[in-house]
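Asks: sequence and computational prediction follow.
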Amino acid sequence: PFDEQSLPIDFVMPSEKDNRRAFVFRNCELAPLAKNLDEWTVKDTWTRCDFHEGMSQATMFVQVRRNSKYYVVSVLGVLLGISSLVFTVWCIEA
């Protein structure tokens, strides 16, 4: 529930006219609006440039971690509500 993931964002130049071109990535940062996620916290970002199948490719990685509050409220809260409802129905029928 408190997992951490690395999310890749790929930029590729697939056109034939671009096969002699390359990406130059010096620095890449997320805008402040992109860092405001409901259930995730952005931990780090990094980039990598490479050639893949003859095409220039740049990749930006965003490392995110899930907030514990999301799991407690969205998963455990719902399970508690359903369990309480089932127990109430069982008590009424008994």
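Replies: Great, that's in hand.
Asks: tell me how many other residues crowd the residue nearest to Asp18 when sequence neighbours are not counted.
Replies: Once flanking residues are discounted, Asp18 sits nearest to Ser56: 6.8 Å by CB to CB, 6 or more residues apart in numbering. Placement of C-beta: from N, CA and C, glycine included. The tally of other residues near Ser56 (other CB atoms under 10 Å) stands at 19.
Asks: touching, Ser56 and Val12? I think so.
Replies: Yes - using CB atoms under 8 Å as the test, Ser56 is close enough to Val12 to be in contact (7.4 Å).
Asks: check which residues of the helix or strand of the chain with the lowest mean pLDDT are buried.
Replies: Ranked by mean pLDDT, DSSP states H and E, the helix or strand of the chain with the weakest confidence is helix 68-71, at a mean of 77. For helix 68-71, the neighbour count (16 or more other CB atoms under 10 Å) marks no residue as buried.
Asks: on that earlier part again, how near is the residue nearest to Asp18 to Arg26?
Replies: According to CB to CB, to the nearest Å, Ser56 and Arg26 sit 15 Å apart.
Asks: before we move on, what about Asp44?
Replies: Asp44 is 17 Å from Arg26, by CB to CB.
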